[in-house]
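Below: sequence and its predicted model.
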Amino acid sequence: MASKGKNPAAKAIPVAKAVPIKATNQATRLLNRIKKGSVWMTTNNWLMVSKLITVVGLLIFAISTATHTIDGELAAYYWMGIGVVTTLVMTTVMLSRTSKGEGVLALIFKMGGLYLPTIATLIVIAVMIMVFHSVRNILTKDAAHLPPEFYIFHYLTFFFLFLQLIMLYQFFGGEMKSILSKGKIPDPYRAAYIAGFILFSIISLGSAAELYVIITRFITDG
């Protein structure tokens, strides 16, 4: 009779312990997946973050242009620059995590096709930031005396920079899938993205350079 009358609490102890052990195992698996980059550290996720940062810059630019807020337009270019830099940094991190055993030179060579268009985009953004820093006081106090060409090239540069950013993010998405799959998932639109990016880059960079020349002459003469 003593052997049949077991304490029920004794049977409950293993069950009670199983719950936290199971939860701990799930948390460990989740952490391992995060470390491997399979949960949040994906190409699509980080490109989406970069696009959202860029969209914030576009919204700031639109609102600032409508309200004639110069600091807002300058901030818009900073936001767009942050979006581009975030894309470059995070894609480099992802590739470095999936390129175990490869040297730094191999990683740089692999990322070369992504670094060049990124630098081309950042150059345009940097020129626009320089221009707005140069004429910030003039735009704030005496914008009416600026030549009309300033506004023409300003909006022209911004428009083609916007198109350039679209091509850049589309190109990044396709290239990252191709690189991570070791060429098994090629981007069928790669040539179109490259052609569009080169075209918009040339126009936006040329427009930004012309805008810089206009401002330099105006400040020198005025």
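Nice, I can see it.

switch to C-alpha atoms for all contacts and neighbour counts from now on
Fine.

next SSE after the helix or strand hosting Met48?
Per DSSP states H and E: Met48 is located in helix 43-67. Using DSSP H and E, the helix or strand that directly follows helix 43-67 along the chain is helix 70-98.

Give the buried residues for that next one.
By neighbour count on 16 or more other C-alpha atoms under 10 Å, the buried set for helix 70-98 is 70-88, 90-92, 94-96.

Which other helices and strands does that helix contact?
Applying 3 or more C-alpha pairs under 8 Å, 6 or more residues apart in numbering; DSSP states H and E, we find helix 70-98 packed against helix 43-67, helix 104-141, helix 148-180.

what packs against the longest one?
Which is helix 104-141. helix 70-98, helix 148-180, helix 190-221.

The first one now?
For helix 43-67, the helices and strands in contact under the criterion 3+ C-alpha pairs under 8 Å, 6+ apart are helix 70-98, helix 148-180.

What is the last one packed up against?
Contact analysis of helix 148-180 by 3+ C-alpha pairs under 8 Å, 6+ apart lists helix 43-67, helix 70-98, helix 104-141, helix 190-221 as its packing neighbours.

and of the helices and strands packed on helix 104-141, who's closest to Ser134?
With C-alpha to C-alpha as the criterion, Ser134 lies closest to helix 190-221 of those, at 7.8 Å.

For that closest one, buried residues please.
Of all the residues in helix 190-221, those buried under the rule 16+ other C-alpha under 10 Å are 193-194, 196-198, 200-205, 207-212, 214-215.

cool, and stretch 105-122?
Of the residues in stretch 105-122, 111, 114, 117-118, 120-122 count as buried by neighbour count, 16+ other C-alpha under 10 Å.

Could you do stretch 140-156 as well?
146, 150, 153-154, 156.

I'd like the residues you listed as TSV, with distance to Ala62 and pLDDT appended.
What follows is these, written out as TSV (distance: C-alpha to C-alpha, whole Å; pLDDT from 0 to 100):
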residue	distance to Ala62	pLDDT
Leu146	20	76
Phe150	17	83
Phe153	16	88
His154	13	87
Leu156	14	90
